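Q: got a predicted structure here, sequence first:
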Amino acid sequence: MYNCVICRYHEIATKGNNRAMFERVFVDNIRHQLKTLPDLRVGRVRGRVWIDHKSGVDFSDAEEQTIREALVRVCGLASFSFVVRTAVDIDAVRNAAVALAPRLFAGKSAGATFRIRARRSNKRFPMRSRDIEIDLVSRIAGVPGIAPFEIDLDNAEITLGVEVRDEFAILYAESIPGPGGLPTGSNPRVLTLLSGGIDSPVAAYLMMKRGSPTDYISFHSAPYTPPETTDKVTRIAKHLNQFQISGKLYLVNLAEFQKQVRDCCEERFRTVLYRRAMMRIAEKVALAHKCRALATGEALGQVASQTLVNLDVINRAIDMLILRPVIGEDKLDTIATAEKIGTMTLSAPQVPDSCTVFAPASPATAAPLKQIEIQESRIPGYGELIDKIVSEVETVEV
Ligand code: ATP
Ligand code: MG
């Protein structure tokens with residue numbers, strides 16, 4: 001039935017001079033997501049991207065399903081529709097509307113509400129939008145087997161969309177929402193600090209949705225944390241990579257540093273000291289792999305290390321920009337996003353986290369920077385230890 005998919009975008013359309021770059025990256029991502037279907041073509045017309053079969057045939061049901069699953073992972077995509085694409089010719093549009101009608105009304109009983117929304121960007125087309133709508137409604141009403149329907153222009157159960165463009169006309173029944181945002185790859189790469197929790201996978205996704213592909217860095221404390229800790233984060237990274245073309249996972253063992261903190265520093269400052277070390281290590285890894293910023297799943301006030309004062313002290317450990325896309329989110333909204341992108345079930349199993357190794361019974365909620373610097377100065381060879389840990393980072397292709 002459907003011989004084409006039309007992809008719509010919003011934010012890309014607001015771009016001026018570099019719009020072509022955004023569109024190119026967008027198309028690259030669509031091609032990447034459709035790589036299991038080599039018989040498809042992807043092309044661009046003004047303001048839209050289309051997908052069809054090289055040979056012009058309709059999509060099979062299996063292909064429709066695969067395309068649907070692929071496109072909901074393309075950042076920058078506002079919505080998409082499976083369409084019947086025809087020549088710019090009213091008879092071709094009429095035939096397509098009549099052919100589509102049984103599918104539109106399948107399972108609907110008499111009295112279902114219906115409307116046609118026509119748009120005509122091709123001003124040379126002889127009929128105006130309103131005329132197209134009236135013409136097609138009468139033809140659809142005459143299709144054998146279609147139960148009588150009522151017209152409701154505001155709130156119809158069934159909507160047939162029609163668009164007459166310069167290059168072709170399209171007819172469609174459904175607009176499927178995409179993630180929105182910007183195409184991944186239209187901004188520089190970042191390095192996301194990925195734990196097994198709920199927030200950091202959402203942070204990674206939000207960075208991709210704002211155009212930045214991401215690599216991941218995760219800290220464990222083997223042998224104090226079990227292999228499950230890194231297995232879990234590897235699964236999450238693998239899952240997140242479905243939204244982008246590629247992203248590597250860097251695994252870091254923080255245990256040696258944590259032992260030093262345990263032995264040399266005041267207990268209540270441990271978490272902030274771990275965090276500052278994580279930032280320092282992450283900054284070095286980011287620089288070595290051309291990542292332009294760090295991203296975390298920190299949310300203001302969520303736990304002791306995320307009070308405003310502690311975030312500030314953690315921030316001051318490094319020069320690199322640290323982005324915190326969920327900083328102001330309600331936890332329930334973050335959970336809803338995690339569910340939508342499929343990371344919630346992966347984050348759910350409770351496994352020990354690096355941060356909880358030698359965790360203080362009562363962590364400081366407002367660690368003074370001066371005090372933290374004194375604590376760090378008590379760790380012999382602090383800088384060398386950080387460098388040693390960085391030199392032992394393990395890279396996982398996910
Ligand atoms: P999350 O659900 O993402 O784990 P959280 O609410 O549990 O977050 P914290 O454990 O305080 O909060 O972590 C705050 C942020 O610090 C995380 O979102 C993540 O970006 C980073 N982080 C924490 N632990 C690790 C770790 N073991 N490896 C990498 N990053 C981490
Ligand atoms: Mg956590």
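A: Looks like it arrived, so ask away. Ligands and ions are numbered 1, 2, ... in the order given.
Q: following element in sequence after the helix ranked longest in the chain, please.
A: Counting by DSSP state H, the longest helix found in the chain is helix 270-288. Going down the chain from helix 270-288, the next helix or strand is strand 294-295, by DSSP states H and E.
Q: elements contacting that next one?
A: Helices and strands touching strand 294-295, by 3 or more CB pairs under 8 Å, 6 or more residues apart in numbering; DSSP states H and E, are strand 190-193, helix 199-209, helix 270-288, strand 322-323. Bear in mind the C-beta positions are built from the backbone N, C-alpha and C, glycine included.
Q: looking at the ones you listed, which is nearest to V137?
A: Minimum separation from V137 across those (CB to CB) falls at helix 199-209, 38.8 Å.
Q: between the helices and strands packed on strand 294-295, which one is closest to A99.
A: Across those, the minimum distance to A99, taken as CB to CB, is reached by helix 199-209, at 36.9 Å.
Q: run the chain-centre distance for the longest helix of the chain.
A: Remark: helix 270-288 is offset 25 Å from the chain centroid, using CA atoms, centre = their mean, to the nearest Å.
Q: list the buried residues for that helix?
A: For helix 270-288, burial by neighbour count (16 or more other CB atoms under 10 Å) applies to 270-286.
Q: spit out the contact partners of the closest residue to ligand 2 within the stretch 251-398 of the chain.
A: Taking CB to the ion, ligand 2 has its nearest neighbour within the stretch 251-398 of the chain at D353, 5.4 Å off. Contacts for D353 (CB atoms under 8 Å, 6 or more residues apart in numbering) come out as 195-197, 225, 229.
Q: need the max-distance pair from the residues you listed.
A: Those two in those that are separated most widely, counting by CB to CB, are G197 and T225, at 13.8 Å.
Q: neighbour count for the two, which is higher?
A: T225 (22 against 17; other CB atoms under 10 Å).
Q: chain neighbours aside, what residue packs nearest to the more buried one?
A: Closest residue in space to T225, ignoring its immediate chain neighbours: P352 at 4.7 Å, by CB to CB, 6 or more residues apart in numbering.
Q: which helix or which strand is home to the one you found?
A: Per DSSP H and E, there is no helix or strand for P352.
Q: that one and ligand 1, how far apart?
A: 10 Å (CB to the nearest ligand atom, to the nearest Å).
Q: next, P325: secondary structure please.
A: Look at P325: counting by DSSP: H, G, I helix; E, B strand; the rest coil, its state is coil.
Q: list the residues that contact it.
A: P325 sits in contact with 202-203, 206-207, 210, 295, where contact means CB under 8 Å, 6+ apart.
Q: what of R275?
A: 305, 310, 314, 317, 355.
Q: give me the subset of these lying in helices.
A: Per DSSP H, those map to helices at 310, 314.
Q: taking the contacts of R275, tell me the two that lie furthest apart.
A: A317 and C355 (15.4 Å).
Q: ok, which stretches of the protein are helices?
A: Using DSSP H, helices in the chain cover 19-33, 61-71, 90-105, 129-141, 199-209, 227-240, 255-264, 270-288, 308-315, 331-341, 344-347, 369-377, 382-391.
Q: check which helices and strands the fourth one sits against.
A: In other words, helix 129-141. Going by 3+ CB pairs under 8 Å, 6+ apart, helix 129-141 lies up against helix 90-105, strand 113-120, strand 158-164.
Q: OK, now which residue of the stretch 151-300 of the chain is nearest to ligand 2?
A: G197 (3.3 Å).
Q: how near is that residue to T229?
A: 12 Å (CB to CB, to the nearest Å).
Q: next one: R19
A: R19 is 44 Å from T229, by CB to CB.
Q: so these two - more neighbours on which side?
A: T229 (22 against 13).
Q: now do the contacts for that one.
A: 196, 220-222, 351-354.
Q: and it, what's its pLDDT?
A: Note for T229: predicted pLDDT of 97.
Q: do R189 as well
A: 98.
Q: need the contact list for it.
A: Per CB under 8 Å, 6+ apart, neighbours of R189: 212-215, 289-292.
Q: for V272, same thing?
A: 305, 310, 313-314, 363-364, 367, 372 are the contacts of V272 under CB under 8 Å, 6+ apart.
Q: of those, list those near ligand 1.
A: S305 (CB under 6 Å from any ligand atom).
Q: and the contacts of V272, which is closest to V261?
A: Among these, and counting by CB to CB, the member closest to V261 is I372, at 11.2 Å.
Q: what residues are up against that closest one?
A: I372 neighbours (CB under 8 Å, 6+ apart): 269, 272-273, 276, 313.
Q: still on that earlier bit, could I get the contacts of R275 as CSV with neighbour count and pLDDT?
A: Formatted as CSV, these follow (neighbours: other CB atoms under 10 Å; pLDDT from 0 to 100):
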residue, neighbour count, pLDDT
S305, 20, 82
N310, 24, 96
I314, 24, 97
A317, 21, 98
C355, 21, 87
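Q: among the contacts of R275, pick out the one closest to G145, please.
A: Nearest member of the contacts of R275 to G145, counting by CB to CB, is C355, at 63.6 Å.
Q: wait, that closest one sits on Y274?
A: Yes - if you go by CB atoms under 8 Å, C355 and Y274 touch, sitting 6.1 Å apart.
Q: now I217, nearest residue through space, not along the chain?
A: In space, and not counting its chain neighbours, I217 is closest to Y250: 4.5 Å by CB to CB, 6+ apart.
Q: what does the chain put close to ligand 2?
A: Within reach of ligand 2 by CB under 5 Å from the ion, the chain has these residues: 195, 197.
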